[in-house]
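1. Generate coordinates for the sequence data below:
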Amino acid sequence: MTDETAVPGPAESVRPLELFFDLVFVFTITQVASPLTVAPTLLGVGRMAVLLMLVWWMYAGYAWLTNALDLDRTGPRLLLLTAMAGFFLMSMAVPKAPGHGPWALILGAGYLLVVTVHLVGFIGTSGHRGIMRIGPLNLASALVVLAAAAAPPHARLWLWTLAAAMEVMTPLVTRASGFAVGAGHFVERHGLAVIIVLGESITEVGAVTSRENSVTTSILGALLALVLSAEMWWLYFGREERESEARLDRVPAGHRSRVAVYSFGYAYYVIIFGIVVAAVGMQKAIDEFLRPSHHLAALLLPLGTALYLSGLACFHRALAGSWPLPRILAALATAALVTPAALWNSGAAALATAVLALLALIAWEAAEPAQPKLEEAPHT
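-> Predicted structure coming up:
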C-alpha cells in the first residue's frame, strides 16, 4: 500500500483565491503568445512551445498543491499569493527575455520563486513524500532557467528547452507517486484553465477586430472567431469534462496520480498550446480576412485547431483507455482543409472552414449512441 491511499486534501471545489491566482496565469499566457502575434515565425512557435511548457507545468503543479491545501488558513494563502508574485514577474519578463537586458534574469528568478514556493507548500500535506521525490528535480530545472540568463541570447532557448525537458521527464523518472488526487477539485481546476485561456483568446480577437476599418471584417470576423471558440468549448465541456471526473474517480488510488499526470499534465499541455496557437491564428486570419496569406501566419489557425483536437484525443485516451476516432480524423481533416483555404483563398475562408470542420465533429459525436458504461481507465 502506498501513501496515495491517504485521504485527499480538504479541497472539494475551487476556492476564490484560486480564481484570483488564475488572473496572473492568463496574463502570463498572453505574454507568452505576444511575440508570436507580432512576428509569426518557426522560431517564435518553438520558443512559445518551450516557454508555455515551463509556465503550464508549474501552473498545473499548483493545481496539485491547492488540491492538498486548506486555503482558509493564513499560511497557505500567503504562500499562494507569493507564488502569484513569481508568476507576475515571469509574465513581465517573458516577451523580452530572449533579448538583451535583465529580463532573462527576472524570468529565472520568478521561476525559481514559483518552484520553491511549490515545494515548501507541500510540506505538511498528504503529498509531502511525493514532493520530496520531484521537488529537487523541479528546483534543478528552475536553476537551469536562472542560469540561462548568463548565456548569450542565441543560446538561451537551448537552456530553456533543457529545463522544459527536465520538467516533462520528472514524472516519468519518479512515477508521479505520493500524491492524493481529489477528482472533483482536480477536474474543476483544470477546466477553469481551459475556460480562462479560451476567454483570453476571445479578448485578443476582439481587440484585433475593433481596430479594423471594414465593418464586414470586424463583424463577420469576430463572429466566426467567436463561433470557433464556442465549438472548442463545446467539444470539451459538452461531455468530456463531466465524464473525465467520473473516470478519474474510478481509477484506484494507487494509480490515480500517474493517470492524472498523463491526462491533466501532458495531454492538457497540448490542449492549452492548441488554444493559444489557434487564437493567434484567428487574429492573423482576420488581418488577412479578404485575401490569401502566403506566409507562416496562415498555418497557425489549422495548426492550433488540429493540436487542440489531438490534445482532446490524448486526454480521452489517458482517462478512458481508448482513442476517439472522430476527433483524430477531425484533427487531420482540419489541417488538410483549413491550410489551403488560408493559403490560396482568404482568412475568411480559413475561419469558415475551421468552423464547419468542428461543427461536423460535434454533429458526428452527437449522433453517436451514449455509452452505457464508462470505459475503464488504463492503470499501467
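
2. residues in contact with the closest residue to Arg47 other than its chain neighbours?
-> Residue nearest to Arg47 in three dimensions, not counting chain neighbours: Leu157, with 5.8 Å by Cβ to Cβ, 6 or more residues apart in numbering. Backbone N, C-alpha and C define where each C-beta goes, glycine included. Contact analysis of Leu157 by Cβ atoms under 8 Å, 6 or more residues apart in numbering lists 43, 46-47, 50, 98.

3. Please apply the same query to Ile286.
-> Ile286 makes contact with 205, 208-209, 212, 217, 221-222, 225, 347, 351 under the criterion Cβ under 8 Å, 6+ apart.

4. Quick check: it vs Ala320, distance?
-> According to Cβ to Cβ, to the nearest Å, Ile286 and Ala320 sit 36 Å apart.

5. burial measure for the nearest residue to Asn345 once chain neighbours are set aside, as a count.
-> Nearest non-adjacent residue to Asn345, counting by Cβ to Cβ, 6+ apart: Pro292, 5.9 Å away. Number of residues near Pro292 (other Cβ atoms under 10 Å) recorded here: 16.

6. Isn't Pro292 up against Ala342?
-> Yes. Using Cβ atoms under 8 Å, Pro292 is in contact with Ala342, at 7.2 Å.

7. Would you mind grabbing the residues shared as contacts by those two?
-> Ala298.

8. that older thread, what's the closest of the contacts of Leu157 to Ala260?
-> Closest approach to Ala260 among these (Cβ to Cβ): Val50, at 23.3 Å.

9. can you pull the contacts of the closest one?
-> Neighbours of Val50 in contact, by Cβ under 8 Å, 6+ apart: 157, 160-161, 164.

10. Can you flag which of the residues you listed belong to strands?
-> Counting by DSSP state E, no part of the contacts of Val50 is found in strands.

11. which of those residues tops the neighbour count?
-> With neighbours set by other Cβ under 10 Å, the maximum within these is found at Trp160, which has 25 neighbours.

12. And the nearest residue to that one once chain neighbours are set aside, how close does it get to Ser263?
-> Leaving aside its sequence neighbours, Trp160 sits nearest to Val50 (Cβ to Cβ, 6+ apart; 5.0 Å). For Val50, the distance to Ser263 (Cβ to Cβ) stands at 22 Å.

13. Then Ile196?
-> 19 Å.

14. what does Trp234 give?
-> Trp234 sits 20 Å away from Ser263, going by Cβ to Cβ.

15. what about those two, which has more around it?
-> Ser263 (26 against 17).

16. Just give the number of residues close to Gly238.
-> Taking other Cβ under 10 Å as the criterion, the count of residues near Gly238 is 13.

17. for the stretch 151-300 of the chain, what spans make up the helices?
-> Along the stretch 151-300 of the chain, counting by DSSP state H, counting those that start in this stretch, helices occupy 153-174, 183-210, 215-237, 240-250, 253-260, 268-287, 297-320.

18. quick one: which of those is nearest Gly108?
-> Set against Gly108 and scored by Cβ to Cβ, the helices of the stretch 151-300 of the chain come closest in helix 153-174, at 9.3 Å.

19. how distant is the closest one from the center of its chain?
-> Between the centre of helix 153-174 and the centre of its chain there are 17 Å (Cα atoms, centre = their mean, to the nearest Å).

20. Stretch 51-67 too?
-> Remark: stretch 51-67 is offset 9 Å from the chain centroid, using Cα atoms, centre = their mean.

21. Now do the contacts for the nearest residue to Arg327 once chain neighbours are set aside.
-> Leaving aside its sequence neighbours, Arg327 sits nearest to Ala313 (Cβ to Cβ, 6+ apart; 4.4 Å). Residues near Ala313 by Cβ under 8 Å, 6+ apart: 323-324, 327-328, 331.

22. Closest one of these to Gln31?
-> Ala331 (27.6 Å).

23. In the strand or helix carrying the closest one, which residues are buried?
-> Using DSSP states H and E, Ala331 maps to helix 325-344. For helix 325-344, burial by neighbour count (16 or more other Cβ atoms under 10 Å) applies to 326-328, 330-331, 333-335, 337-339, 341-343.

24. Those into JSON lines, with extra columns for pLDDT?
-> Putting the buried residues of helix 325-344 into JSON lines (pLDDT from 0 to 100) gives the following:
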{"residue": "Pro326", "pLDDT": "94"}
{"residue": "Arg327", "pLDDT": "95"}
{"residue": "Ile328", "pLDDT": "96"}
{"residue": "Ala330", "pLDDT": "96"}
{"residue": "Ala331", "pLDDT": "96"}
{"residue": "Ala333", "pLDDT": "96"}
{"residue": "Thr334", "pLDDT": "95"}
{"residue": "Ala335", "pLDDT": "95"}
{"residue": "Leu337", "pLDDT": "96"}
{"residue": "Val338", "pLDDT": "95"}
{"residue": "Thr339", "pLDDT": "94"}
{"residue": "Ala341", "pLDDT": "93"}
{"residue": "Ala342", "pLDDT": "91"}
{"residue": "Leu343", "pLDDT": "91"}
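
25. what's the spacing between the closest residue to Ala298 other than its chain neighbours and Ser218?
-> What sits nearest to Ala298 in space, not counting adjacent residues and going by Cβ to Cβ, 6+ apart, is Ala342, at 3.8 Å. According to Cβ to Cβ, Ala342 and Ser218 sit 19 Å apart.
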